[in-house]
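Chemist: coordinates only, sequence not included:
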């Protein structure tokens, strides 16, 4: 009987197999539900340590700096900046992007508005507020100047950073900090 094959019970019983399959189904369902929540909570990779983000178009695609710099001097380009806020970038007379961007949200009630190149003003159509080219209030009811951001061009990419230091237009701490 030494040559006989020993009879052993199977290593996996029917109950263990069903428990494994049930656990795998629950894990797959839970992970597919938690994945979108985790993606929402993790910041995008293009955000830098200083809080900067790549400038994007209205579809969320990064805008190459060469596309903006192809415009003539004095042109204002509207991009999606920090937190998706519409932000105007200005092409300077030397053909570079201005280091300061102006956020396109009226400080009265938050309306967005166009740049009027004929009058050289930002004109809010909601309640008639007017802003000069730097974002200072020319006519109310807007109580505060427009929010500004830092703009930097690095390797054909436009980076937008929050403005946390003194507002150069007023010489005071910015109202949005």
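Modeler: Okay, I see it. Nothing here was measured: the structure is a model prediction, and the numbers come from that model.
Chemist: how about the strands of the chain, start to end?
Modeler: 53-54, 76-80, 86-90, 100-103, 115-116, 121-123, 130-131, 137-139, 148-154, 157-162 (DSSP state E).
Chemist: Tell me which of the ones you listed lies nearest to residue 68.
Modeler: strand 76-80 (5.0 Å; C-beta to C-beta). For every residue, glycine as well, the C-beta is placed using N, CA and C.
Chemist: Which secondary structure elements does the closest one sit against?
Modeler: Counting by 3 or more C-beta pairs under 8 Å, 6 or more residues apart in numbering; DSSP states H and E, the packing neighbours recorded for strand 76-80 are strand 86-90.
Chemist: So which elements touch the strand it packs on?
Modeler: strand 76-80, strand 100-103.
Chemist: ok so, going back, present the strands of the chain as JSON lines; the columns should include distance to residue 40.
Modeler: Output for the strands of the chain, formatted as JSON lines (distance: least, C-beta to C-beta, whole Å):
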{"stretch": "strand 53-54", "distance to residue 40": "16"}
{"stretch": "strand 76-80", "distance to residue 40": "18"}
{"stretch": "strand 86-90", "distance to residue 40": "22"}
{"stretch": "strand 100-103", "distance to residue 40": "24"}
{"stretch": "strand 115-116", "distance to residue 40": "33"}
{"stretch": "strand 121-123", "distance to residue 40": "33"}
{"stretch": "strand 130-131", "distance to residue 40": "34"}
{"stretch": "strand 137-139", "distance to residue 40": "36"}
{"stretch": "strand 148-154", "distance to residue 40": "24"}
{"stretch": "strand 157-162", "distance to residue 40": "21"}
